[in-house]
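K.L.:
Need coordinates for the below:
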Amino acid sequence: MSSAENTNDGVAKFEVPDRGALGTIQHWLHVNPALVPLIVLLMSVLVFGLLLGSKFFSPFALTLILQQTAIVGIVGAAQSLVILTAGIDLSVGAIMVLSSVVMGQFTFRYGIPVEIAIVCGLLCGTFVGFLNGWLIAVMKLPPFIVTLGMWQIALATNFLYSANETIRSQVISTEAPLLQVFGEKFTIGADEAGRGGANFTIGVIFMVMLVVVLAYVLKQTAWGRHVYAVGDDPEAAELSGVNVKGTLISVYMLSGLICAFAGWALIGRIGSVSPTSGQLANIESITAVVIGGISLFGGRGSILGMLFGALIVGVFTLGLRLLGADAQWTYLLIGALIIGAVAVDQWIRKVSV
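P.N.:
Numbers count the residues shown, from 1 in each chain. Reported below is the predicted structural model:
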C-alpha cells in the first residue's frame, strides 16, 4: 500500500496509486462489474440496428426481446444470488417446472382455489431451496453435487406427479385465468387504430421490478453485504460475526421462491402447464449470469449485470434470426461470449483495490 504522510492536523493522507491507463480501466471495471455487459449490450443493439434498420429498432422487436428473456431473467436472478455466495444451483429449472406443475395440479386435480394452489407452488419452490441450502450449509456438501442431485429428484418428481400430462391453455384461460396473469399484455404508444407501440407483459414488469429490488437489497442491506462476504471469504465472514450457515440457507430458500415465481410466469408465457417445459433454464440462467459479469468464484458482481447478460442473449437470438442466419451461429457467438466473460473476470480479479 502507498505510504501515508502525517500532516499538522493529525490526519493521515494516502497517496493515490498511479495505475496507468490500463490499470485505471481495470480498477473501474472492478468497481462497476455491470459496466462490461452494458457496453456489450449497447454495441450489440447498435450493430444489429445498423444491419437491420427499422426492422430491428421497432418498438415491437425491442419489446419482443424483453418478453423472450423474462423467464431467463427471473431464473437468472435466483442463480445470481447463489453464485454470489460462490455456489451454483443446477436445480433452478426443475424447481421452476415442479412449482408450476404443483400450481396446475392442485387447481385442476384437487379443485383447490387457484389462489391457494399458487401459494402452495411458491411454498414448494421455497422448500426445495431450503433442502439445497441445508445440505450445503449444515451438511457441508458441495453445491454442485447437491443441486445436481436435486435437479434429478425434482425432475423425476415432476414427471411422476403430473403423469407427464399437460394442462392445456384453453382449460386454464377458462377456469383459472390467474395462472396466466404473467402473460397478460398491454401496449404503450399505439396509434388510434391500435397499430404500433411497444408490447409489454406482466412477466416483463415483474422481472424488472425483481432485479431492481434485489439490486437494492444486495447493496443497501446487511443481508446483502453478508451475501457478498460469504462468497468472498466464508471463514473471514464468520470471524466477522456473519451467520454463514443462516445466510446460505436463506439464499437458497429465496432462490427457490424466485424459481417458483418463474414457474408461475412460465405458465403465463406458454399458456399451459407442461412438465416438459423449461428444460434449458439451468444453462440459460448460468449463461446470463456469466455474461453479466458475476464472478463464478463468488463475492463480486451485480444483478443488473445479469439482466444485461440475459438481454445480450436475447439481442443476439432475435438479431441473427432476422438476418436469416442459421441458429447454430447464435450458440457459437454466445459460447464465445461466455469464454470471453470469464477471461475478463479473471483479468479484473487481478486488480489491486
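
K.L.:
Show the contacting residues for the most centrally placed residue in the chain.
P.N.:
Nearest to the mean C-alpha position of the chain, by CA atoms, centre = their mean, lies residue 76 at 1.4 Å. Residues in contact with residue 76 (CB atoms under 8 Å, 6 or more residues apart in numbering) are 284-285, 288-289, 292, 306-307, 309-310. Quick note: C-beta positions are derived from backbone N, CA and C, even for glycine.

K.L.:
Report the two members of those separated by the largest distance.
P.N.:
Using CB to CB, the contacts of residue 76 span at most 13.4 Å, a distance reached by 284 and 307.

K.L.:
Neighbour count for the two, which is higher?
P.N.:
A count of neighbours by other CB atoms under 10 Å puts residue 307 above the other of residue 284 and residue 307, at 29 against 23.

K.L.:
can you pull the buried residues of the helix or strand where residue 336 lies?
P.N.:
Assigned by DSSP states H and E, residue 336 belongs to helix 327-349. For helix 327-349, a neighbour-count test (16 or more other CB atoms under 10 Å) marks 330, 333-334, 337, 341, 344-345, 348 as buried.

K.L.:
what would these look like in TSV with pLDDT?
P.N.:
Formatted as TSV, these follow (pLDDT from 0 to 100):
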residue	pLDDT
330	85
333	88
334	88
337	87
341	85
344	80
345	76
348	75
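
K.L.:
Just the pLDDT for the residue nearest to the centre of the chain.
P.N.:
Here the pLDDT value assigned to residue 76 is 97.

K.L.:
What are the buried residues along the host helix or strand of it?
P.N.:
Using DSSP H and E, residue 76 sits in helix 59-84. Judged by neighbour count using 16+ other CB under 10 Å, the buried positions of helix 59-84 are 61-63, 65-84.

K.L.:
sorry, back to before: now the helix holding residue 336: how far from the chain's centre is it?
P.N.:
17 Å (CA atoms, centre = their mean, to the nearest Å).

K.L.:
same for it, what does it pack against?
P.N.:
helix 20-31, helix 35-52, helix 281-291, helix 303-323 (3 or more CB pairs under 8 Å, 6 or more residues apart in numbering; DSSP states H and E).

K.L.:
Out of the ones you listed, which is closest to residue 125?
P.N.:
With CB to CB as the yardstick, what comes closest out of these is helix 281-291 (12.7 Å).

K.L.:
Packing partners of the closest one?
P.N.:
helix 59-84, helix 92-108, helix 303-323, helix 327-349.

K.L.:
so what pLDDT did residue 34 get?
P.N.:
Reported pLDDT for residue 34: 82.

K.L.:
That one - how many residues pack around it?
P.N.:
Neighbour tally, residue 34, other CB under 10 Å: 22.

K.L.:
Residue 80 versus that one, what's the distance?
P.N.:
Residue 34 sits 11 Å away from residue 80 when distances are taken as CB to CB, to the nearest Å.

K.L.:
May I have the residues that are in contact with residue 109?
P.N.:
No contacts exist for residue 109 under CB under 8 Å, 6+ apart.

K.L.:
for this structure, which spans come out with low pLDDT?
P.N.:
Along the chain, the parts satisfying pLDDT under 70 run over 1-23, 25-27, 29-30, 190-196, 349, 351-353.

K.L.:
just checking, residue 87 touches residue 137?
P.N.:
No. Using CB atoms under 8 Å, residue 87 makes no contact with residue 137, being 9.8 Å away.

K.L.:
Identify the contacts common to those two.
P.N.:
Shared contacts of residue 87 and residue 137 (CB under 8 Å, 6+ apart): 248, 252.

K.L.:
Next secondary structure after the helix or strand hosting residue 208?
P.N.:
Using DSSP H and E, the element containing residue 208 is helix 202-220. Note on helix 202-220: by DSSP H and E, the next helix or strand toward the C-terminus is helix 222-232.

K.L.:
which strands and helices sit next to that following helix?
P.N.:
By 3+ CB pairs under 8 Å, 6+ apart, helix 222-232 packs against helix 59-84, helix 202-220, helix 234-239, helix 244-270.

K.L.:
For residue 120, which of those is the nearest?
P.N.:
Of all these, helix 244-270 comes closest under CB to CB, at 9.7 Å.

K.L.:
which parts of that closest one are buried?
P.N.:
244-245, 247-270.

K.L.:
Next, the angle from it to helix 281-291.
P.N.:
Relative orientation of helix 244-270 versus helix 281-291 (axes from the mean of the first three to the mean of the last three CA atoms, to 10 degrees): 110 degrees.

K.L.:
still on that earlier bit, dump the helices and strands packed on helix 327-349 to JSON lines, plus distance to residue 274.
P.N.:
Supplementary listing: these in JSON lines, determined by distance: least, CB to CB, whole Å:
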{"stretch": "helix 20-31", "distance to residue 274": "41"}
{"stretch": "helix 35-52", "distance to residue 274": "31"}
{"stretch": "helix 281-291", "distance to residue 274": "13"}
{"stretch": "helix 303-323", "distance to residue 274": "21"}
